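Chemist: Fold the following for me, if possible:
(chains A and B)
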Amino acid sequence: MNAIKLPRQLEGVAIVAVGFATAIVSVVVLGLLIKVAVSTFTWSGYLQQVTSGLATGSIYASLALALVLIYRTTDIVNFSQGEMATFTTFIAWSLMGHGLSYWPAFVLTLLIAFGGGMAVERTLIRPVEGRPEIVIVIVTIGLLIALNGLSGWIWGAEVKAVDSPFSNRTLDIGGVFVSVQDIGTFCVCLGAVLVLWLFFRFTTLGLAMRAVALNPDASRLVGVRVGWLLALGWGFAAVLGAIAGLMAAPTVFLDPNMMLVILIYAFAAAVLGGIDSPVGAVVGGLMLGVAVNLLGTYVNFVGGELRLPSALAILLLVLLVRPQGLFGHVRVSRV
Amino acid sequence: MRRRWTLPAVKVAFLLAAALVVAVLPRFMGEYRLAQFTYVAIYFIALLGLNILTGYNGQISLGHGAFIGVGAYTSALLILGKPGLHDLNIFPPGWLPLGDGMRPVFTIPIAALVTGIIGFGFGFPALRLPGVSLALATLGIAVSLPSIAKRFDTVTGGGGGLNVPLPKTPFGLDVAVPHWLYYEAWVTAGVLFVVAWLLVRGRIGRAWRAIRDGELAATSSGVSPAAYKTLAFGVSSAFAGAAGALYAIQISYVNPDTFPLTLSILLLASVVVGGLSSLTGVIFGALLMEFLPIYAQQLSIPWVLSSSKQAPSVVFGAVLILCMFLLPAGAGGLLNRLLRPLKNALAGQSRLVRARGAPPG
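Modeler: The predicted structure follows:
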């Protein structure tokens, strides 16, 4: 890449194009490899697994991005991210139960999530700001326990069905059957990611937030209100989580523990991509979604039950080779 | 010179008094309460191990419930042995070294050893990863254990789990079974408390704390973080394994849902509230873990929420957060602070300290 000088605007486009090409080539190569190993292999079946993997992967990606957003500014992993998402999904469920139709309830829930996320930062995280990492992490674990219990206390522990905004038809695209549900999930999740990226890239507020992530002290000196921007980051993260929860709910059903497993996949995705890299979180989420789906389908030993353990095993292997994740940066620290 | 012995003597006296309380406690309570205090001992052991890892070595584990599970399964399998498993229609592969059934009490050290080795093996790759990844990996173990147990049902009995026969009082002792279980658990707890204390106060403990307080500084002083962190993980898993074995013996069955993720999370919460890097604080954590759920279940908010099984989690979470705000050293830290004047007086240091203007570390 260094040899070719591209205009600055085109550079981003080129990177994205190279990324897409790499993705397509690796899907084809992986398909060929599986074709050699598995006798029952068909291309349409394989591509079906890949597309549905992309749909679940986009859910992991948005939750992973929420984790990365907070990690970049606060330097901690928010263990309560999944429970915050579950809680907001319950709010959406009861809004719909009170007669609101899907999309108004969706928008209202996102607004509530935004306010809730900011409130959590202001009331719970701010008092422990600057304390050792373990203290802040334990506060988020406390929030995980409390929110998990609270959703069960308010709405009951039994499993609830949540409506899907998309029809349950499947489209036949050249022999590959793709459900509208999957396409919708993918578009909503990645749409949210895109909107967020545009916000960070092209608005003054977004610029200020990036500055805070990079160097809070210097930002404060030039007049950025660091505290409020941290809260804003928590608000955005909560919105991303709420989207992930709402998109996951129709397929995994709603109960207080709904997001626990998804949170672990999202963690895995974020760590895989590099915990400080937003692009890494999204790519990691999509890769993990596809990989887990393929493992469950083509490796008998894994089947339905060992998906999570095998995903974690892959993650450990990747991290042993590349501890900073695929897109992360090596941290240099001094004593 | 004489004064140097006063403080340790007082400590030993405290320990003996505690042992006496534990020994006579069963005289004053019924069988139900007795079982509760047996669980306190079991949690005490698990929390000791977790405190070594989290309190003294600064690593967060959200997967200790899974290690308790490994210990419990190991113990249950050994107690049943091949004949017992065949009676349950479970036919494990022949290479597993299961005998013809063992006395429950002897399975405790074996379960601790097996779990310790598994923990060591897991910690070996995991601890080379950056801090966040470890918490993630342990959380992953906690979530995966039930599905792993269900997947390998030829050993674990799948979802139905293993029924362990109720133990008999061994060695012809004239003690009722619940009392025997109580003493078995507390004697194990006592022994492991001493083990933990010896580990923590010596060279190894110093290395653990050095790594916790500054990994780079510790490395440059010649302490290998990877080796000591893995050791902490192994030791702490071994404690969890012993607790698991006692758990299996006490509850007399093991199934995948006995060790949910909530168990792991509550363990971490209890160890923090009890007091990180305080071995005496662990007892508060264990009491909290056993009794808080029982009382918090009756909690209700008038006109808003009726009492529910979910309420204890809310209370636990709130206590945990409040503890971090107000009392980061936990109950053990509070106790230390309250006892400091007494300690100083005993050690004959108070005047010196006042002159220096700083309390001793």
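Chemist: Tell me where chain A is predicted with low confidence.
Modeler: A:1-9, A:303-304, A:331-335 (pLDDT under 70).
Chemist: ok, how many other residues are close to residue 104?
Modeler: As the question left the chain open, I've gone with chain A. 11 (other Cβ atoms under 10 Å in any protein chain shown). For glycine as for every other residue, the C-beta is placed from the backbone atoms N, C-alpha and C.
Chemist: meant chain B actually
Modeler: 26.
Chemist: same deal with residue A:84?
Modeler: Residue A:84: 26 neighbours (other Cβ under 10 Å).
Chemist: Look at it and tell me its secondary structure.
Modeler: Using DSSP: H, G, I helix; E, B strand; the rest coil, the secondary structure recorded for residue A:84 is helix.
Chemist: That one and chain B: what is the separation?
Modeler: 13 Å (Cβ to the nearest Cβ, to the nearest Å).
Chemist: interface residues of the stretch 151-300 of chain B facing chain A?
Modeler: Contact residues, the stretch 151-300 of chain B versus chain A (Cβ under 8 Å from any Cβ of the partner chain): B:151, B:214, B:216-217, B:220, B:261, B:265-266, B:268-269, B:272, B:276.
Chemist: ok, now which ones touch the closest residue to residue B:167 other than its chain neighbours?
Modeler: Using Cβ to Cβ, 6 or more residues apart in numbering or on different chains and skipping the chain neighbours, the partner closest in space to residue B:167 is residue B:104 (4.6 Å). Residue B:104 sits next to B:75, B:79, B:164, B:167, B:245, B:249 when contact means Cβ atoms under 8 Å, 6 or more residues apart in numbering or on different chains.
Chemist: rerun at 10 Å
Modeler: Residues in contact with residue B:104 (Cβ atoms under 10 Å, 6 or more residues apart in numbering or on different chains) are B:75-76, B:78-79, B:164-168, B:170, B:180-181, B:184, B:245-246, B:248-250, B:252.
Chemist: Kindly reformat the residues of the stretch 151-300 of chain B next to chain A as a markdown table containing secondary structure.
Modeler: As requested, those are exported to a markdown table (three-state DSSP):
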| residue | secondary structure |
| --- | --- |
| B:151 | helix |
| B:214 | coil |
| B:216 | helix |
| B:217 | helix |
| B:220 | helix |
| B:261 | helix |
| B:265 | helix |
| B:266 | helix |
| B:268 | helix |
| B:269 | helix |
| B:272 | helix |
| B:276 | coil |
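Chemist: Taking those residues together, which two end up most distant?
Modeler: Using Cβ to Cβ, the pair of those lying farthest apart is B:151 and B:220, separated by 44.8 Å.
Chemist: So for those two, which residue has more residues nearby?
Modeler: residue B:151 (19 against 10).
Chemist: Is the residue nearest to the more buried one when sequence neighbours are not counted within a helix or a strand, and which one?
Modeler: Distance criterion Cβ to Cβ, 6+ apart; nearest residue to residue B:151, sequence neighbours excluded, is residue A:305 at 4.5 Å. Secondary structure from DSSP states H and E places residue A:305 outside every helix and strand.
Chemist: what number of residues lie near residue A:305?
Modeler: Residues near residue A:305, counting by other Cβ under 10 Å: 17.
Chemist: isn't it right up against residue B:145?
Modeler: No - Residue A:305 lies out of contact with residue B:145 (Cβ atoms under 10 Å); the separation is 11.6 Å.
Chemist: now, among the residues of the stretch 151-300 of chain B next to chain A, which is nearest to residue A:315?
Modeler: Of these, the one sitting nearest to residue A:315 (Cβ to Cβ) turns out to be residue B:261, at 18.2 Å.
Chemist: who touches the closest one in this structure?
Modeler: Residue B:261 sits next to A:148, A:257, A:260-261, A:264, B:62-63, B:65-66, B:139, B:141-146 when contact means Cβ under 10 Å, 6+ apart.
Chemist: From these, which land in strands?
Modeler: Using DSSP state E, no member of the contacts of residue B:261 falls within strands.
Chemist: Residue A:52: helix or strand, and which one exactly?
Modeler: Using DSSP H and E, residue A:52 falls in helix A:43-74.
Chemist: now that helix: how far from the chain's centre is it?
Modeler: Distance of helix A:43-74 from the chain centroid (Cα atoms, centre = their mean, to the nearest Å) equals 6 Å.
Chemist: and that helix, is it in reach of chain B?
Modeler: Yes - judged by Cβ under 10 Å from any Cβ of the partner chain, helix A:43-74 and chain B are in contact via A:67, A:71.
Chemist: which SS state does residue A:172 fall under?
Modeler: Under three-state DSSP, residue A:172 falls in the strand class.
Chemist: check contacts around residue A:287.
Modeler: Contacts for residue A:287 (Cβ under 10 Å, 6+ apart) come out as A:23, A:26, A:53-54, A:57, A:60-61, A:269, A:272-273, A:280, A:314, A:318, A:326.
Chemist: Am I right that it is in a helix?
Modeler: Yes - membership of residue A:287 in a helix is supported by three-state DSSP.
Chemist: residue nearest the centroid of chain B?
Modeler: residue B:46 (1.1 Å; Cα atoms, centre = their mean).
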